[in-house]
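Trainee: what shape does this take:
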Amino acid sequence: MGFIEWLFGFLTLTIIIVVVALYEANKDVNNENNEENNDEKTDHNIDKIYVQKRFLTHNELVFLNKLKELENETNLKVVPQVNLATIIQKVSNIPYQTELFRNIDYGIFDNNYEKILLLIELNDNTHNNGDRKYRDHKVREICNIANVKLITFYTNYPNETEYVKNRIKKEIL
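Mentor: Here you go, the predicted model:
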């Protein structure tokens, strides 16, 4: 064996040793990172990923109080934050129903909560964004198909209590 062959063999072996050493070192780092990520997902650190938030925004709460006046005057029930999946059933063979996992600001039900009479969306300026426009379009489409009435109020209008109550009564009574 000549010097060139010996040198080539030596360099090849050296490269293999270095690659294996780097692989093992990288594997150890990945294992440490995975253990840290797994620790973050345990109950011990759950407070780092979940926090409470308000159930209703200020505008939603003000509007709900107007709806409560309607509830007090009629045999209707007002429910905030109604999830479509709780009032609409998908009957197609398509297994996914994620499009129903959307909340509507308010639902107006009969006195026994047996029938949804009307859904109400309260739209602020965020509904002008592209993703919200698509969401609103999809919600309206689903409600139309399921034969559930949906009306929209806008926060940039005064929405006086009598106007709100009369508009709702006109839709359902």
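Trainee: every contact and neighbour count from this point should use C-alpha atoms.
Mentor: OK.
Trainee: list the buried ones in stretch 83-103?
Mentor: 83, 84, 88, 100, 102 (16 or more other C-alpha atoms under 10 Å).
Trainee: of those residues, just say which sits nearest to residue 115.
Mentor: Nearest to residue 115 among those, counting by C-alpha to C-alpha, is residue 88 at 11.0 Å.
Trainee: tell me who's in contact with the residue nearest to residue 124 when sequence neighbours are not counted.
Mentor: Of all residues not flanking residue 124 in the chain, residue 155 sits nearest, at 5.2 Å (C-alpha to C-alpha, 6 or more residues apart in numbering). For residue 155, the contacting residues are 59, 122, 123, 124, by C-alpha atoms under 8 Å, 6 or more residues apart in numbering.
Trainee: just the residues you listed: which are in strands?
Mentor: Assigned to strands by DSSP state E, the following of the contacts of residue 155 qualify: 122, 123.
Trainee: now the contacts of residue 155: which count as buried?
Mentor: 122, 123.
Trainee: out of the contacts of residue 155, who's nearest residue 16?
Mentor: Lowest distance from residue 16 to the contacts of residue 155 (C-alpha to C-alpha) belongs to residue 124, with 62.6 Å.
Trainee: now do the phi/psi pair for the closest one.
Mentor: The phi and psi values for residue 124, taken as degrees, to the nearest 10, are phi -100, psi -170.
Trainee: hang on, the earlier thing: mind putting the contacts of residue 155 in TSV, distance to residue 141 included?
Mentor: Below are these laid out as TSV (distance: C-alpha to C-alpha, whole Å):
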residue	distance to residue 141
59	25
122	17
123	17
124	20
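Trainee: closest one of the contacts of residue 155 to residue 168?
Mentor: Nearest to residue 168, judged by C-alpha to C-alpha, of these is residue 122 at 13.1 Å.
Trainee: just the helices from this protein, written as ranges.
Mentor: For the chain, applying DSSP state H gives helices covering 3-40, 58-73, 84-87, 130-146, 161-172.
Trainee: check which residues of the second one are buried.
Mentor: In this case it means helix 58-73. Under the neighbour-count criterion of 16+ other C-alpha under 10 Å, helix 58-73 has 60, 63, 64, 66, 67, 68, 70, 71 buried.
Trainee: can you show me the CA trace of that helix as PDB?
Mentor: What follows is helix 58-73 as a C-alpha-only set of coordinates in PDB (Å, rounded to 0.1, in the frame of the first residue of the first chain):
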ATOM      1  CA  HIS A  58     -67.100  45.300  26.900                       C
ATOM      2  CA  ASN A  59     -69.300  45.900  23.700                       C
ATOM      3  CA  GLU A  60     -70.700  42.300  24.000                       C
ATOM      4  CA  LEU A  61     -71.600  42.900  27.600                       C
ATOM      5  CA  VAL A  62     -73.400  46.200  26.900                       C
ATOM      6  CA  PHE A  63     -75.300  44.600  24.100                       C
ATOM      7  CA  LEU A  64     -76.200  41.600  26.300                       C
ATOM      8  CA  ASN A  65     -77.800  43.900  28.800                       C
ATOM      9  CA  LYS A  66     -80.100  45.200  26.100                       C
ATOM     10  CA  LEU A  67     -81.000  41.700  25.200                       C
ATOM     11  CA  LYS A  68     -81.700  40.900  28.800                       C
ATOM     12  CA  GLU A  69     -84.400  43.600  28.800                       C
ATOM     13  CA  LEU A  70     -86.000  41.800  25.900                       C
ATOM     14  CA  GLU A  71     -85.800  38.500  27.800                       C
ATOM     15  CA  ASN A  72     -87.500  40.100  30.800                       C
ATOM     16  CA  GLU A  73     -90.300  41.400  28.600                       C
END
